[in-house]
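Visitor: Structure, please.
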Amino acid sequence: MPLDWCEGVTRLAMVPPLTSIAPQRWRLFQTDAVRILHQHGSELHRAGWDALDLFGLHARAPDRRMDAAGLAWLLRGRSVGAVTAETVAIVTATGQELRCWRMGAQARQETVPAWALHNMAEATIQHHLSTSTSEDRT
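Guide: Numbers count the residues shown, from 1 in each chain. Reported below is the predicted structural model:
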């Protein structure tokens, strides 16, 4: 299993929710990310899944762009079933199977690993603060 997954999920587990995401939804996502890593990470890696497919979220609309959401976001506490190179079965409480497909090319261009979102948000805030402070001085 890739070291960047382990390090990223460890960081993700400590990151507070983004302002656009409800705290309980963020905690469920964190729990699902840890569960995927520990219970299915090796199998998913062997099948060719990568960090974006598993832990990715849209860089600007992480709570609204499901086409750019990785498996961890889509699980919502449900179980992982069969894993193939192209799909993962998400098993509901009633036993129904939903299919999670690997992320498409367009979505991949707009997606980042979830553990990078907090740093991006902080950088944006700092940029806006420094810009508004500079404007206040003029």
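Visitor: Show the contacting residues for residue 56.
Guide: With contact set as C-beta atoms under 8 Å, 6 or more residues apart in numbering, residue 56 has these partners: 68, 69, 70, 103, 108, 111, 112, 113, 114. Where you see a C-beta, it was placed from the backbone N, CA and C, and this is true even at glycine.
Visitor: can you pull out the strands in the protein?
Guide: In the chain, the strands defined using DSSP state E lie at 56-58, 79-83, 87-91, 97-101, 111-113.
Visitor: what does the third one rub up against?
Guide: Right, the one you point to is strand 87-91. By C-beta under 8 Å, 6+ apart, strand 87-91 touches 44, 49, 71, 74-75, 78-83, 97-102.
Visitor: go on, stretch 2-20?
Guide: Outside stretch 2-20, the residues touching it (C-beta under 8 Å, 6+ apart) are 23, 25-27, 30, 33-34, 37, 41, 45, 51, 54-55, 61-63, 113-115, 117-118, 121.
Visitor: confidence score at residue 30?
Guide: With respect to pLDDT, residue 30 scores 97.
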